[in-house]
Every structure is written in C-alpha cells, then in structure tokens.
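A.B. asks: Pasting the sequence and the predicted model now:
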Amino acid sequence: QVQLVESGGGLVHPGGSLRLSCAPSGSIFSINVMGWYRQAQGKQRELVATITSGGGTNYADSVKGRFTISRDNAKNTVYLQMNSLKPEDTAVYYCNADLRLSYYGAYREVWGQGTLVTVSS
C-alpha cells in the first residue's frame, strides 16, 4: 500500500519560515495533481494549495503571496514553502495526490498522515 510521507513541520515564531516536503513511500507510475491541505484544531480541513503535473498552481486566499507550492516530477515530490507565518497558520498539514501505481491502473486519491506546524512566540 503506497502512502504519502510528509516532513518539515515544527515550531516556528511568527514571521518565520518552514518548508514542507511530501513523497510517496513506494514505487508509483505517475502523479496528476498534488496538493497541501490543513486542519486547525476544531476546524474543518481546508485547501492550502495545489499543483498540476504541468505546474499550474492554485492557492487559498489566506496564503497567497506567503506560501509557494512546487514539485519535482523526477522525484515525485511536492513542496510547500511557507514564509511570513502567522499564528493562524497553526494546523496539521496534509499532503494529497492523485496517483496511479501502474500504466493500466486508475488514478486514486491518497493522503499523508499529516505534519504539525505550530506558529507561536
């Protein structure tokens, strides 16, 4: 069973930066859209940013100008560079991808286990 593995979360002061990374745990054939979502305590999971295989991006209004999503297709890895972090960015961040395991396989949605980002002084 292929899973997505995230890394890079932690504690940062307001105004600081963090970089999250996410990649599949095993071999896959291809990945379509990859993205980051987050869930703050007591709130619903929300979209942060997505990126297509061609590099097209989409951002939540709350992170535009501060966060940048990118991907390395050769490594099947997606990144989220987070700058000018605010306390309201505190949440568990989840990686998401539409991927297929073989040429004949169907695309399916896979989630990571989440990584905690805490923005606090």
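C.D. replies: Sure thing, it's come through.
A.B. asks: in what helix or strand does the residue nearest to the spatial centre of the chain lie?
C.D. replies: Centroid check for the chain by CA atoms, centre = their mean gives Trp36 as the closest residue, at 2.9 Å. Using DSSP states H and E, Trp36 sits in strand 30-39.
A.B. asks: Which neighbouring elements make contact with that strand?
C.D. replies: Packed against strand 30-39, as judged by 3 or more CB pairs under 8 Å, 6 or more residues apart in numbering; DSSP states H and E, are the following elements: strand 18-24, strand 46-51, strand 67-72, strand 77-82, strand 91-100. Glycine gets a C-beta too; all of them are placed from N, C-alpha and C.
A.B. asks: Dump these to a markdown table, plus mean pLDDT and mean neighbour count.
C.D. replies: Shown next, in a markdown table, are the helices and strands packed on strand 30-39 (pLDDT from 0 to 100; neighbours: other CB atoms under 10 Å):
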| stretch | mean pLDDT | mean neighbour count |
| --- | --- | --- |
| strand 18-24 | 97 | 20 |
| strand 46-51 | 98 | 19 |
| strand 67-72 | 97 | 18 |
| strand 77-82 | 98 | 21 |
| strand 91-100 | 97 | 21 |
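A.B. asks: just to revisit the earlier point, name the residues of the strand holding Trp36 that come out as buried.
C.D. replies: By neighbour count on 16 or more other CB atoms under 10 Å, the buried set for strand 30-39 is Ile31, Val33, Met34, Gly35, Trp36, Tyr37, Arg38.
A.B. asks: Test of understanding: give the bridge partners of the third one.
C.D. replies: Note on Met34: beta-bridge partners by DSSP bridges are Ile51, Ala97.
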